[in-house]
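>>> Quick one: sequence plus predicted model below, questions after.
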Amino acid sequence: MTSRTATVFGGTGFLGRCVVQHLLDHGFDVRVASRHPERVAQVFRNRSSELEVVRADVGDDRSVMNAVAGAFAVVNAVSLYVERGSDTFRSIHIDAAERVAKYSRESGVQRLAHLSGIGADAQSHSSYIRSRGEGETAVRAAFSEATIIRPAIMFGPDDAFLIPLMRMLRMFPVFPMFGRGQTALQPSYVEDVGEAVARCFDAPEAAMTYELAGPNTYTYKELLQTLCNYLDIRRVLAPMPISMWKMLAFVAEFLPASPVTSNQVELMTKDNVASGRHPGFASLGIEPRGIEIVLAPARRGG
């Protein structure tokens, strides 16, 4: 019988944990490769007994080789939003991604899914966005049949996007926007993205790029107003120059838990919507869900 083992790097993260759950639901034997294997039992309380757990660091050749050995499929869901010490955008999004792709190919892995993001661009002036684009190129060079997954900004329970916005909107009667709030966003539900990753391994074509964007497009201001309406609150949405946000982010990144990063500010100057040049959820038979799926429970909890 052909092995259906899928190794997931970054399997305890916001997206990675959803990928793991959906791979299990699709009948895969899932191997979670993590620098902190002790966290796996905490993250997957009800299903940890179904998982194989290996200690692995995407920056270490031997541990990557061990993690992908004998696997049918590999998912790289490791990402970085703030550079600290040796963890840089280059080391994670390019060097580590290439390492995973290289050893996956050499180990005979048949399917590789590399998680990137909508807007990834190797020519971008932003070091984050550029590293995402260069990472895709490095992965395809090392594993030509890799599947590139580009989600839009993701939301879900305990996310770092909608839930913090709702919390802050409750707290502040005057809410500062990024610029004039005209950046376009097409948020995708993290569970839908996890399901898409699982389904892509059964798709007949492997060397694909998917752009996974949600069903609705908002300007940032419209999104904030939608959240206010759901919370039944009125707020003054005040424009704030991007230059001021950049200064705040520079200072904030010296804090242990940065409330805003230069990367986030940079991303909020670019529309985060599907380009229309690549297949999306529909090509995988998925009807994406909108932000309402997390707004109602969050409103009840508030």
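All right, it came through fine.
>>> and V53, what element?
When secondary structure is defined by DSSP states H and E, V53 falls within strand 52-55.
>>> Could you identify the helix or strand that succeeds that strand?
In the C-terminal direction, the helix or strand that comes right after strand 52-55 (DSSP H and E) is helix 61-68.
>>> Can you name the next helix or strand after that following helix?
Later in the chain than helix 61-68, the nearest helix or strand by DSSP H and E is strand 73-76.
>>> who's in contact with that next one?
When contacts are taken as Cβ atoms under 8 Å, 6 or more residues apart in numbering, the neighbours of strand 73-76 outside the stretch itself are 5-11, 16, 19, 23, 28, 58, 68, 96-97, 100-101, 104, 109-115, 139, 197, 201. C-betas here are computed from N, CA, C, even on glycine.
>>> Write the PyMOL selection for whichever of the residues you listed are buried.
Burial among those is assessed by 16 or more other Cβ atoms under 10 Å; the matching PyMOL selection reads:
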select buried, resi 5+6+7+8+9+10+11+16+19+23+28+58+68+96+97+100+101+104+109+111+112+113+114+115+139+197+201
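>>> Which ones among the contacts of strand 73-76 lie within helices?
The helices, defined by DSSP state H, take in 16, 19, 23, 68, 97, 100-101, 104, 139, 197 from the contacts of strand 73-76.
>>> And the residues you listed, which is closest to R45?
Distance ranking of those against R45, using Cβ to Cβ, places G16 first at 15.9 Å.
>>> per-residue confidence for that closest one?
G16 carries a pLDDT score of 96 in this model.
>>> who's in contact with it?
With contacts defined as Cβ under 8 Å, 6+ apart, the neighbours of G16 are 8-10, 75, 77-78.
>>> Walking through this structure, point out its strands one by one.
Applying DSSP state E to the chain gives strands spanning 5-9, 29-34, 52-55, 73-76, 111-115, 147-151, 154-155, 174-178, 184-185, 188-189, 209-212, 218-219, 236-240.
>>> got the ones you listed as JSON lines, with distance to N46 and mean pLDDT columns?
Formatted as JSON lines, the strands of the chain follow (distance: least, Cβ to Cβ, whole Å; pLDDT from 0 to 100):
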{"stretch": "strand 5-9", "distance to N46": "17", "mean pLDDT": "98"}
{"stretch": "strand 29-34", "distance to N46": "14", "mean pLDDT": "96"}
{"stretch": "strand 52-55", "distance to N46": "15", "mean pLDDT": "95"}
{"stretch": "strand 73-76", "distance to N46": "21", "mean pLDDT": "98"}
{"stretch": "strand 111-115", "distance to N46": "24", "mean pLDDT": "98"}
{"stretch": "strand 147-151", "distance to N46": "25", "mean pLDDT": "98"}
{"stretch": "strand 154-155", "distance to N46": "23", "mean pLDDT": "96"}
{"stretch": "strand 174-178", "distance to N46": "38", "mean pLDDT": "94"}
{"stretch": "strand 184-185", "distance to N46": "33", "mean pLDDT": "97"}
{"stretch": "strand 188-189", "distance to N46": "21", "mean pLDDT": "98"}
{"stretch": "strand 209-212", "distance to N46": "26", "mean pLDDT": "98"}
{"stretch": "strand 218-219", "distance to N46": "34", "mean pLDDT": "98"}
{"stretch": "strand 236-240", "distance to N46": "40", "mean pLDDT": "96"}
